[in-house]
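> Sharing a model prediction with you, sequence too.
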Number of protein chains: 2
Amino acid sequence: MENKTIPYKIYLKEEEMPTHYYNVRADMKKKPAPLLNPGTLQPMTAEELEHVFCKELVKQELDETTPYIPIPEKIRNFYKMYRPSPLVRAYELERKLGTPAHIYYKFEGNNTSGSHKLNSAIAQAYYAKEQGLKGLTTETGAGQWGTALSMACAYLDLPLHVYMVKVSYEQKPFRREVMRTYGAQVTPSPSNTTNVGRKILEEFPGTTGSLGCAISEAVEDAVTHEGYRYVLGSVLNQVLLHQSIIGLETKTAMDKYGIKPDIIIGCAGGGSNLGGLISPFMGAQLRGEAKYRFIAVEPASCPSLTRGKYAYDFADTGKVCPLAKMYTLGSGFIPSANHAGGLRYHGMSPVVSELYDQGLIEARSVEQTSVFEAAEYFAKVEGILPAPESSHAIRVAIDEALKCKETGEQKTILFGLTGTGYFDLVAYEKFNNGEMCDYIPSDEDIAASLAKLPKVE
Amino acid sequence: MENKTIPYKIYLKEEEMPTHYYNVRADMKKKPAPLLNPGTLQPMTAEELEHVFCKELVKQELDETTPYIPIPEKIRNFYKMYRPSPLVRAYELERKLGTPAHIYYKFEGNNTSGSHKLNSAIAQAYYAKEQGLKGLTTETGAGQWGTALSMACAYLDLPLHVYMVKVSYEQKPFRREVMRTYGAQVTPSPSNTTNVGRKILEEFPGTTGSLGCAISEAVEDAVTHEGYRYVLGSVLNQVLLHQSIIGLETKTAMDKYGIKPDIIIGCAGGGSNLGGLISPFMGAQLRGEAKYRFIAVEPASCPSLTRGKYAYDFADTGKVCPLAKMYTLGSGFIPSANHAGGLRYHGMSPVVSELYDQGLIEARSVEQTSVFEAAEYFAKVEGILPAPESSHAIRVAIDEALKCKETGEQKTILFGLTGTGYFDLVAYEKFNNGEMCDYIPSDEDIAASLAKLPKVE
C-alpha cells in the first residue's frame, strides 16, 4: 500500500520550502559552551566577534533562544535555483539488499558546488553584502567549500579571495577552475602575498601547504584589507543554523507522507551536514514530541567523537581563530596521508559535541575501504556517484538495513547524502585499482596530540 | 500575475511522467531516408540490422508509423531515479539581462552521467538484456556516452566493453574511473585486443587514437564475441525516440502551466538532444495544432547543417556502419584540434536533417569563445556550470532574449540544457586563461571533404 503512494523522489513545492532557519540551541536545556578569545581565554563578546564576522552572523552565532530565524527573500530566491533538494526513497537499494527496511536519503549534491556547503555559503555572502562589506576571504582544501562560496559571491557580485592548499591547487586543477570560472581569485597557499605565507615559504621552501596555513593566510588577508571578512564553512553555530534547511525540508516532506524515521544517519567532519539534517528532528525530540536514533559516522582515521576528548581547543591548526569547546583530537592532529575519504577535521561542531555528550547522538567510526565498497555498491544500484564523505553515511545505512534483514524488522532509515564524487575520482581510482588501505591512529598518537590541548580553566 | 504562479523549477509528479516514447516520424509526411547497407548500398533490412542491433531496437529503428511506443516498466523505474528532470524558469537570467522575454530550460544534467545520454543508454541496455544478450560494446570520446552506458549496464548486470580514444583515456582519467567504478571494462583505443587495433598500431605506432578507430574496434569486438552487440549514443532514429522523453516531459510541464514557447532552441551534434527536445512540439506543429520556431545550434568549427550537404554518407569515419542520408561535412571531416566545445560529429541525425531540409528547423552556427562567454555568464547567474555542448544553446537563447530587450517583445524562449561541465574544466581553464581561440573551416576544406562522399544513386 505505502509503496504505491510514495514516489522515488519527494520534491516539496516551492511554497512548502522553509521560510525560517531552525535554531536547535533554543530547545537545548544545556547549551553548547561559548567561543573563547584565543588571547584572553574569555568568552568572545559580540563586539570582538564583529571583527571576524559580519553583524547579523554574530547575532546568529550567539543566539541561543530564538527557535526560528527568518530567511531573507534574496537567499530564498537563490535556494529556489537548486532547492528543494529531493528526498529519495531508495527502492532499488532496498530491493538489492533484500531488506524489509525502508531507506530514504536527502540528496544535497544536485548543485554545481556538489554538496550542501552552498546552503551556508549564500547566507554568509548575503549578510556580508548587506552590511556593505567589500569582499570575503576563505581557505579551501579539497575545494568543496571554496566552490560553494565562489558561486554565492558570483551571484551577489562580491569579490572573493580563496587560499587553496598548494597540493590541492596543483593536483585538483578542476576545482580550481570552477572557482575561477565563478570569478574567485584563487591563490595557492603558502603564497608570498601574505606575511605568514612568506614566513612559511622562507622556513619550508618546498612545502605543499596545509589547511592551517591557508586559514592563517585567509585571515591575514581579511584583516589587512579594509571591508573584508573571513568566512568558514563548518563547525560554527551559524553554519549549523543555515544547514537546518536540510532537516527542515526533510521533515516537512516526511510529515507530508506520514513517514517517521527510526534512525537518522549523517556523516560528520565538522558537523555542519549532520547538525543541519538532524536539527529539526532533535528539536522535536527535545520538546518530547518524538523519539529517534541519531548516528554520527566518522572516519576511523579521524575519530574525533569516538576517540577524542570533549574540551576547549583551537578551531584551526594556525591557532588564530577563537577556541571552541568540542570533541577534538587536538588541533595538531593530522589524519594519515593515505586517508582519501574526507572528513579530516580534528574537531566537531560545539552543538553536535554537546548533544553527543548528553547521550542524544550515537557515534560510529568506519574504515575507508568499507566506505568505498558501500559507495561503489550504491553508485551501481541508485545511479548516483557519492562523495567519499557522504559514503560514510551510506556504509552505516546499509549496515543498519542488513541488520533489519536479519531481524525482519521494518525500520525506517534516513540518511544524508551530502554530495557527489565527481571531483574525488583520484580516490575512486585508488579503490578501483585495489591500492586503497585503511589506517587507524594508535592510542599513543591520539594521546600525544591531546596532550597539547590548550589549558583552559 | 504569471510570475507569481510559475515556480523556479517545475517538477512533474511521478504519475505525470511519460509512459510512452513519441515517434515524430509517424507525423512526418515525408519520412527520413532509410539506412543503406555499406556493401550493397541497398536499404538495410530488419534481418541485416539484427546483426548489429537487438530485435526490439531494430523494430524501433524502422518504425515510421507508430506515434507512441510504450516504455517498459523497468526502464520507467530507472528513469524515476533521476527523472523527471526539472523545467527551470530562468528568472535570475531574465533579471540580469533585463529582458521582457520569459526564458525556460529543461535541465538534463542532474544525473551522474552528467547529460541526457542516459535516457537512451538505459533503453538500449534494457532491450539487449531482454533479448538475452551477453554484453555490449561501444566507443567513447570525451566519455559522456560511455559513462551513461556504464551506469545503465551496471544497473542491469550487463557486461560492457568501452573503447575509449587513447588521448581521452590518458587525459580524462576521471571519466575513465567513473566508467570503471560502474564496472565497465575500459580499453584505450587503438589497442592490441582487436585486429583493426593491432593493424593501426603497426602502421602508426605513436597514434593517440580517433573516434573512427574506436568505433571499428568496438564493432569488431561485438562481432567476434557471441551474444555481444555494438550500441551507439546518437544519430539513430531509435536514440531520438528514447530522447523524446525530454520533450514529452517539457511539453507536459508547459501545458500544465499554460506556457507556450515561441522559440525552441537546442544544441546539435548528432542531434539526439535536439531531436528529443523538439519531437513532441514538432509533432503538434506537423498535426497543425501549434506553431513554433525551432533553432538548431552548432559549432562554427563543425557546421554540418549550415555548411554541409544533404547526402548519403558513412555514419562513422571507419566506414563499417550503415550509410545514412543526412546533412554532413563528409565522414573524413575532423574539426580543428583547438575546438574544445564538443559537438564534433561530422553528420546529423536523419530525422533532424529531413526536418531541416523541409524548412521546419532553422540552424545557426556559433564560435566557441562566444559560447564559453555565455557559459560563464550563465554559470554565475543561474548557478549551474553548463557543458560546452549545452552552452551553444545558451548562447542563442541569450541572443534571442537580448533581441526581445531591443524590440520590447515578451517572447517565451525554451532551450535544452543537456548537461554539466564538471568534466570539461580543461576547456574552461583555457577560456579562463584567455587561451581559447576560434576556428572556422575554409570553404576549400569543406569542399575537399565533401568531394569524398560515397556515390549513391
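It's in. Numbering: from 1, shown residues only, chains lettered A, B, ... in the order given.
> what's the following helix or strand after the helix or strand hosting residue A:96?
Using DSSP states H and E, residue A:96 sits in helix A:91-97. Of the helices and strands lying after helix A:91-97 in sequence (DSSP H and E), the nearest is strand A:102-107.
> List the neighbouring strands of that next one plus their orientation.
strand A:87-89 (antiparallel), strand A:412-417 (parallel) (DSSP bridges).
> what comes into contact with whichever helix or strand comes after the longest one?
It refers to strand A:412-417. For strand A:412-417, the succeeding helix or strand toward the C-terminus, using DSSP H and E, is helix A:425-432. Residues from elsewhere that reach helix A:425-432, judged by CB atoms under 8 Å, 6 or more residues apart in numbering or on different chains: A:171, A:340-341, A:369, A:372, A:375-376, A:385, A:388, A:421, A:436, B:173-174, B:177-178, B:180-181. C-beta: built from backbone N, CA, C; applies to glycine.
> Go again with 6 Å.
A:340, A:372, A:388, A:436, B:174, B:177, B:180-181 (CB atoms under 6 Å, 6 or more residues apart in numbering or on different chains).
> Just the buried positions in the helix or strand that comes right after that helix, please.
Moving toward the C-terminus from helix A:425-432, the next helix or strand (DSSP H and E) is helix A:443-450. For helix A:443-450, burial by neighbour count (16 or more other CB atoms under 10 Å in any protein chain shown) applies to A:446, A:449-450.
> picking that back up, averaged pLDDT, the helix holding residue A:96. What do you get?
The average pLDDT for helix A:91-97 rounds to 97.
> What of stretch A:388-407?
So the average pLDDT for stretch A:388-407 ends up being 98.
> With only the CA atoms kept, save that stretch in PDB.
Coordinates of each C-alpha in stretch A:388-407 appear next as PDB, following Å, rounded to 0.1, in the frame of the first residue of the first chain:
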ATOM      1  CA  PRO A 388      33.500   9.800  -0.100                       C
ATOM      2  CA  GLU A 389      32.300  11.900   2.800                       C
ATOM      3  CA  SER A 390      28.700  11.000   2.100                       C
ATOM      4  CA  SER A 391      29.600   7.400   1.700                       C
ATOM      5  CA  HIS A 392      30.300   7.100   5.400                       C
ATOM      6  CA  ALA A 393      26.600   7.600   6.000                       C
ATOM      7  CA  ILE A 394      25.800   5.100   3.200                       C
ATOM      8  CA  ARG A 395      28.000   2.500   4.800                       C
ATOM      9  CA  VAL A 396      26.100   2.700   8.100                       C
ATOM     10  CA  ALA A 397      22.700   2.900   6.400                       C
ATOM     11  CA  ILE A 398      23.500  -0.300   4.600                       C
ATOM     12  CA  ASP A 399      24.700  -2.000   7.800                       C
ATOM     13  CA  GLU A 400      21.500  -1.000   9.600                       C
ATOM     14  CA  ALA A 401      19.400  -2.200   6.700                       C
ATOM     15  CA  LEU A 402      21.200  -5.500   6.700                       C
ATOM     16  CA  LYS A 403      20.500  -5.800  10.500                       C
ATOM     17  CA  CYS A 404      16.800  -5.400   9.700                       C
ATOM     18  CA  LYS A 405      17.100  -8.200   7.100                       C
ATOM     19  CA  GLU A 406      18.400 -10.500   9.900                       C
ATOM     20  CA  THR A 407      15.800  -9.500  12.400                       C
END
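> How many residues are close by residue A:356?
Residue A:356 has 25 neighbouring residues, counting by other CB atoms under 10 Å in any protein chain shown.
> if I pick it, what's in contact with it?
Residue A:356 touches residue A:305, counting by CB under 6 Å, 6+ apart.
> could you point out which element follows the host helix or strand of it?
Assigned by DSSP H and E, residue A:356 belongs to helix A:350-357. Following helix A:350-357 in sequence order, the next helix or strand is strand A:362-366 (DSSP H and E).
> separation between the closest residue to residue A:366 other than its chain neighbours and residue B:247?
Nearest residue to residue A:366, sequence neighbours excluded (CB to CB, 6 or more residues apart in numbering or on different chains): residue A:395, at 5.0 Å. Look at residue A:395 and residue B:247: by CB to CB, to the nearest Å, they are 40 Å apart.
> Among those two, which residue is more densely surrounded?
residue B:247 (29 against 26).
> so what's the more buried one scoring on pLDDT?
Confidence score, pLDDT, at residue B:247: 98.
> Could I get the contacting residues of it?
Residue B:247 neighbours (CB under 6 Å, 6+ apart): B:276-277, B:279-280.
> What of residue A:10?
A:87, A:253.
> Perfect, that will be all.
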